[in-house]
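Q: Quick one: sequence plus predicted model below, questions after.
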Amino acid sequence: MQTRPLGTTGIEVSRLCLGTMTFGEQNSEAEAHEQLDRAVTFGINFIDTAEMYPVPPKAETQGRTERYIGSWLKQRGSRDDVIIATKASGPGLEHIRGGPRLTRDHLHQAADESLARLQTDYVDLYQLHWPDRKTNFFGKLGYPYDEDEDTTPLEETLTALKELVDAGKVRAIGLSNDTPWGVMRALQLAETLDLPRVASVQNPYNLLNRTFEVGLAEIAHRERVGLLAYSPLAFGVLSGKYLEGARPEGARLTLFERFQRYTNPQAEAATAEYVRIARDAGLDPAQMALAFVNSRPFLTSNIIGATSMEQFESNLESEALKLDQDVLEAIEAVHRRQPNPAP
């Protein structure tokens, strides 16, 4: 398993990261522990979660994912062998703290509650799940900015994170679902106010959504704030299993109508082309899609997740797959014809 540096922190994380948002909804506690055990034996040392998980987010299940990871850590006694990342929710989701904000009080409460569920004294990477301000994330388009918006100053948020770092509860900080302006502003404040430096940004990145390459990829390269890529299979769409309207029993898009980001006609047409490229090359389409993400120089870690061990084992095989130049050129040809059909 390849490892890559987590920003300038000195922490080394595996190129594949275990995503856990299905733990507690589509995966039982026993299944979650099985995935965690397999990830570690394969060489994965990086586990990503969030206070709002599992998804879809609901009051009755909120925090269950962290609790499953916490029970695994307690049973296995393996805390120092893994890098744990979790996230504090931004505005919305009224069932979390009556409506979460990225204020000092909210962040201290969120961190303490996550630590209790995880049954640990510290997390290695604490991320802001989405900004407190109005901006484009989760596929939002247009110009959403409001000069009179009620937003928590980023200085307050970063100062609160510094307090958590100073208290030994957090080793490093990261952003998620953020923009080039958000990352550079956080870096600027860190430098001028002696606040913690952002180590990573967790944003969507896959064959259907390569918008990270515009703006953020240069920041990742020049500022050493690498990508933690989520949705590398576009909610499983890039496996090809949903083509021509198919909805396999138990699959995410079959169970939950909310996951529609990658199902528009343009995305389906591009998916069909990517699947054809994989099959013509004798490759599994999902493994090809993951291998493409793995190959990006601005990547810190690729967050994979699965609801079955069969899927998980297949995803793990992408670590050893190197795409040849003909496949990469074919992928680029599709991207030029239909760039980012599901941003």
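A: Noted; the coordinates are in hand.

Q: Flag the shaky bits of the protein, pLDDT-wise.
A: 246, 250-259 (pLDDT under 70).

Q: gap between Leu175 and Tyr262?
A: 23 Å (C-beta to C-beta, to the nearest Å). In this view, the C-beta of every residue, glycine as well, is placed from N, C-alpha and C.

Q: Please identify which of these two sits among more neighbours.
A: Tyr262 (26 against 23; other C-beta atoms under 10 Å).

Q: ok, the more buried one - contacts?
A: Leu208, Asn209, Ser231, Ala234, Phe235, Val237, Thr271, Ala342 (C-beta atoms under 8 Å, 6 or more residues apart in numbering).

Q: Now do the first one: how many residues are near it, please.
A: Neighbouring residues of Leu208 were enumerated by other C-beta under 10 Å; the total is 29.

Q: Can you give me the neighbour number for Arg222?
A: Using other C-beta under 10 Å, Arg222 has 8 neighbouring residues.

Q: Use 687 as the first number for this chain going forward.
A: Sounds good: first residue 687 from here, last item Arg908.

Q: any idea how far it is from Val961?
A: Taking C-beta to C-beta, one finds Arg908 at 35 Å from Val961.

Q: and the residue lying closest to Thr751 once chain neighbours are set aside, helix, strand or coil?
A: The spatial neighbour of Thr751 that comes closest, neighbours along the chain excluded (C-beta to C-beta, 6 or more residues apart in numbering), is Tyr739 at 3.6 Å. Here Tyr739 is recorded as coil under DSSP: H, G, I helix; E, B strand; the rest coil.

Q: Tyr739 and Thr706 touch, don't they?
A: Yes - using C-beta atoms under 8 Å as the test, Tyr739 is close enough to Thr706 to be in contact (6.5 Å).

Q: shared neighbours of those two, anything?
A: Common neighbours of Tyr739 and Thr706 (C-beta under 8 Å, 6+ apart) are Thr751.

Q: list the contacts for Thr706?
A: Each residue near Thr706 by C-beta under 8 Å, 6+ apart is listed here: Ala718, Gln721, Ile733, Asp734, Thr735, Tyr739, Thr751, Tyr754, Ile755, Gly991.

Q: tell me the SS of Asp810?
A: Following three-state DSSP, we place Asp810 in the strand state.

Q: for Ile989, same thing?
A: strand.

Q: ok, it - contacts?
A: Cys703, Leu704, Gly705, Asp734, Gln888, Leu914, Ala915, Tyr916, Pro918.

Q: Could you dump those into TSV and include distance to Ser987, secondary structure and neighbour count?
A: Below are the contacts of Ile989 laid out as TSV (distance: C-beta to C-beta, whole Å; DSSP: H, G, I helix; E, B strand; the rest coil; neighbours: other C-beta atoms under 10 Å):
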residue	distance to Ser987	secondary structure	neighbour count
Cys703	4	strand	25
Leu704	10	strand	29
Gly705	10	strand	25
Asp734	8	strand	26
Gln888	9	strand	28
Leu914	5	strand	27
Ala915	7	strand	25
Tyr916	10	strand	20
Pro918	10	coil	27
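
Q: re the thing from before, for the residue nearest to Thr751, grab the count of nearby residues.
A: When neighbours are counted by other C-beta under 10 Å, Tyr739 registers 26.

Q: which non-adjacent residue is nearest the residue nearest in space to the middle of the chain?
A: Centroid check for the chain by C-alpha atoms, centre = their mean gives Tyr916 as the closest residue, at 3.5 Å. Once flanking residues are discounted, Tyr916 sits nearest to Ile989: 4.8 Å by C-beta to C-beta, 6+ apart.
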